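Colleague: Got a predicted structure plus its sequence, pasted below:
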Amino acid sequence: MEKEMLALVKLKDGEENFAKFMTFMQSEEGLAERGKFAIPPKTIAAITPDKSALMFKVFVTDEDGMKSFVSGDNALMQPIYDECIESTQLWDLIEVSL
């Protein structure tokens, strides 16, 4: 079952970390890994003006896989996490009726 989650990624100081992180996320390898637990084409991203943080609305198909990826426990993600990411947070998104 698909669910929507929000991920906030704070990058370590240095503008090069944004480029390294985004290069990985958009690479064939990164997209294939993300495809194991989410639907990458449906992901919506937002970037702070200073490129120090990113926010992603992710359509998740495997919550445990998403948690592993976002926390840096995923073997493929760990090197980029260690090099570029200061912290991450993850939330479930639940629609609010108006």
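Modeller: Thanks, I have the structure now. Bear in mind that the values here come from a model prediction, so they are computed numbers and not experimental data.
Colleague: quick one, helices of the chain?
Modeller: Ranges of helices in the chain, per DSSP state H, are 16-26, 28-34, 63-71, 78-84.
Colleague: Now do the buried residues in the third one.
Modeller: Using 16 or more other C-beta atoms under 10 Å as the test for burial, helix 63-71 gives 65-70. Yep, even glycine has a C-beta here, placed from its N, CA and C like the rest.
Colleague: ok, of those residues, which one's closest to L54?
Modeller: Relative to L54, the closest of these is V70; by C-beta to C-beta it sits at 11.6 Å.
Colleague: Among the helices of the chain, which comes closest to P40?
Modeller: helix 28-34 (4.8 Å).
Colleague: for the closest one, the distance to its chain's centre please.
Modeller: Taking the mean of its C-alpha atoms, helix 28-34 sits 12 Å from the chain's own mean (C-alpha atoms, centre = their mean, to the nearest Å).
Colleague: tell me what that helix is packed against?
Modeller: helix 16-26 (3 or more C-beta pairs under 8 Å, 6 or more residues apart in numbering; DSSP states H and E).
Colleague: how near is E29 to S68?
Modeller: 16 Å (C-beta to C-beta, to the nearest Å).
Colleague: of the buried residues of helix 63-71, closest to L93?
Modeller: M66 (12.3 Å).
Colleague: I'd say the closest one and L90 touch.
Modeller: Yes: with contacts counted by C-beta atoms under 8 Å, M66 reaches L90, the gap being 7.1 Å.
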